[in-house]
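Asks: Model the following, please.
(one chain, ligands or ions: 2)
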Amino acid sequence: MIKLTIVIPCFNEKDVLPAFYERLCSVTNKLVKQYEMAIELLFVDDGSSDGTLEIIEQYSKEASDISYLSFSRNFGKEAAIYAGLEHAQGEYVALLDADLQDPPELLEQMYKEVESGMFDCAAARRTDREGEPLIRSFFARCFYRIIRKMSGLEIVDGARDFRLMNKKMHRAILLLDEKNRFSKGLFPWVGFTTKWIEYENTERAGGQTKWSFIKLLFYAFDGIVAFSSAPLTIVSLAGILFMILSAILVLFIIAKKLIWGDPVAGWPSLACIIFFTSGAQCFFTGILGYYISKIYAEIKRRPHYILKDKKHLKHDSNT
Ligand code: UDP
Ligand code: MG
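Replies: Numbering: from 1, shown residues only. Ligands and ions are numbered 1, 2, ... in the order given. Below is the predicted model:
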């Protein structure tokens, strides 16, 4: 029997989990009947402190097709997705957020698209950013434009992590075991064919987003660093530009002195230039440092996550 594993990363989702579970179950029950398939729900508790894990444990006691992984602390959504993909055993694997922003009803269409063999993956893409602060939407759009240019990858604006993929793509994603994970880039990087399913943005059904503006900004920069070395090229080019500009300036000052006999004017302009260039140098060194910090994180070879507890269907035991 064909099996679909649905990976659900959860971090402090106590408020929304019961509504999510009820809605998901009505979708999965229908799929199981209609397509004669088995569905496993694989919850990944990313170090929640609000009782989310207790709710998941309860669900897994009530139903045999629910397993879970629980982290020793919060490792971040990317680590939760990776852990889920590592443990997923189905011929098809889906990723789904627990906050009901991704309508689980789309799973049926996703399954049909991938099962038909026409596509390796079916992914959700929101067509609008209703309910999002304007400034955040503006920066998000700029970010997608920049990262597409810099990485050369088709990183789609509005693409969600919500998707269903076949075994081939699932295996390919697992081959990329880098620590600085940026799933929105990893999926297009591995290639394969993706069917985009569009839907209108929905707000969280409860609880709160875990992404502050600053967190998103760093995540965006991590994404660029993970898929492009263009910032390094840009700062090198800027360095060359500064050198050329200062050479022109020196020639201009010498010519001015020789032709008109002008004394060298004013230290304020000099001070401004020094301030500007040293600021630029610090910024450029910072970019370099950011890449080095990412290399440092990779070479330490620490695990993506640490498990505290799990119930995994393969062994059907708490280990
Ligand atoms: N999440 C997680 N670990 C984190 C942050 C988020 O597992 O450190 C989960 C969260 O519980 C939710 C999903 O990732 O199921 C998406 O999180 P959120 O809604 O905060 O992000 P957004 O929808 O704003 O991208
Ligand atoms: Mg969300």
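
Asks: Pull up the pairing partners for the strand or helix carrying residue 43, direction included.
Replies: Assigned by DSSP states H and E, residue 43 falls within strand 38-45. Strand pairing for strand 38-45, determined by DSSP bridges: strand 3-10 (parallel), strand 66-71 (parallel).

Asks: Show me what secondary structure element comes after the shortest one.
Replies: Downstream of strand 66-71, the first helix or strand assigned by DSSP H and E is helix 77-87.

Asks: quick one: is that next one near ligand 2?
Replies: No. Using C-beta under 5 Å from the ion, helix 77-87 never reaches ligand 2; the gap is at least 9.5 Å. Where C-beta positions appear, they are placed from N, C-alpha and C, glycine not excepted.

Asks: Any buried residues in the following helix or strand past that helix, and which?
Replies: Per DSSP H and E, helix 77-87 leads on to strand 92-95 as the next helix or strand towards the C-terminus. Neighbour-count burial for strand 92-95, with 16 or more other C-beta atoms under 10 Å as criterion, is recorded at 92-95.

Asks: Out of those residues, flag the one nearest to ligand 1.
Replies: Among the buried residues of strand 92-95, residue 95 lies closest to ligand 1 (C-beta to the nearest ligand atom), at 9.5 Å.

Asks: what sits opposite the closest one in the beta ladder?
Replies: Under the criterion used (DSSP bridges), residue 95 bridges to residue 7, residue 163.

Asks: Can you name the residues that contact it?
Replies: Residue 95 is in contact with 6-7, 9, 81, 84-85, 161-163, counting by C-beta atoms under 8 Å, 6 or more residues apart in numbering.

Asks: ditto for residue 298
Replies: Here residue 298 is in contact with 178-180 (C-beta under 8 Å, 6+ apart).

Asks: mind putting those in a markdown table, neighbour count included?
Replies: Formatted as a markdown table, the contacts of residue 298 follow (neighbours: other C-beta atoms under 10 Å):
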| residue | neighbour count |
| --- | --- |
| 178 | 14 |
| 179 | 18 |
| 180 | 15 |
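
Asks: Just the closest of those residues to residue 149, please.
Replies: Using C-beta to C-beta, residue 180 comes nearest to residue 149 of these, at 19.9 Å.

Asks: Hmm, that closest one is touching residue 225, no?
Replies: Yes. Taking C-beta atoms under 8 Å as the definition, residue 180 is a contact partner of residue 225 at 6.9 Å.

Asks: Can you work out which residues contact both of those two?
Replies: residue 294.

Asks: returning to that earlier point: could you export the contacts of residue 298 as a markdown table, including secondary structure, distance to residue 194 and pLDDT?
Replies: Below are the contacts of residue 298 laid out as a markdown table (DSSP: H, G, I helix; E, B strand; the rest coil; distance: C-beta to C-beta, whole Å; pLDDT from 0 to 100):
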| residue | secondary structure | distance to residue 194 | pLDDT |
| --- | --- | --- | --- |
| 178 | coil | 21 | 93 |
| 179 | coil | 25 | 91 |
| 180 | coil | 23 | 90 |
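
Asks: can you tell me which of those residues are up against ligand 2?
Replies: Okay, of these, nothing touches ligand 2 (C-beta under 5 Å from the ion).

Asks: which one of those sits closest to ligand 2?
Replies: residue 180 (21.5 Å; C-beta to the ion).

Asks: Compare the strands paired with strand 38-45 and report which one is nearest to residue 199.
Replies: That would be strand 3-10 among these, by C-beta to C-beta, at 17.5 Å.

Asks: Next, the angle strand 3-10 makes with the next helix or strand after the closest one.
Replies: With elements assigned by DSSP H and E, the helix or strand that comes after strand 3-10 is helix 17-35. Between helix 17-35 and strand 3-10, the angle comes out at 170 degrees (axes from the mean of the first three to the mean of the last three C-alpha atoms, to 10 degrees).

Asks: Need the contact partners of helix 17-35.
Replies: 2, 4, 6, 10, 13, 37-39, 41, 52, 55-56, 59, 96, 98-100, 104-105, 107-108, 111, 115, 205-206.

Asks: do that again at 6 Å, thanks
Replies: Helix 17-35 is touched from outside by 39, 55, 98, 100, 104-105, 107, 205, with contacts defined as C-beta atoms under 6 Å, 6 or more residues apart in numbering.

Asks: low pLDDT regions in the chain?
Replies: For the chain, the stretches with pLDDT under 70 are 263-265, 313-319.

Asks: can you put the strands paired with strand 38-45 in JSON lines and add mean neighbour count and distance to residue 242?
Replies: Formatted as JSON lines, these follow (neighbours: other C-beta atoms under 10 Å; distance: least, C-beta to C-beta, whole Å):
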{"stretch": "strand 3-10", "mean neighbour count": "24", "distance to residue 242": "45"}
{"stretch": "strand 66-71", "mean neighbour count": "23", "distance to residue 242": "46"}
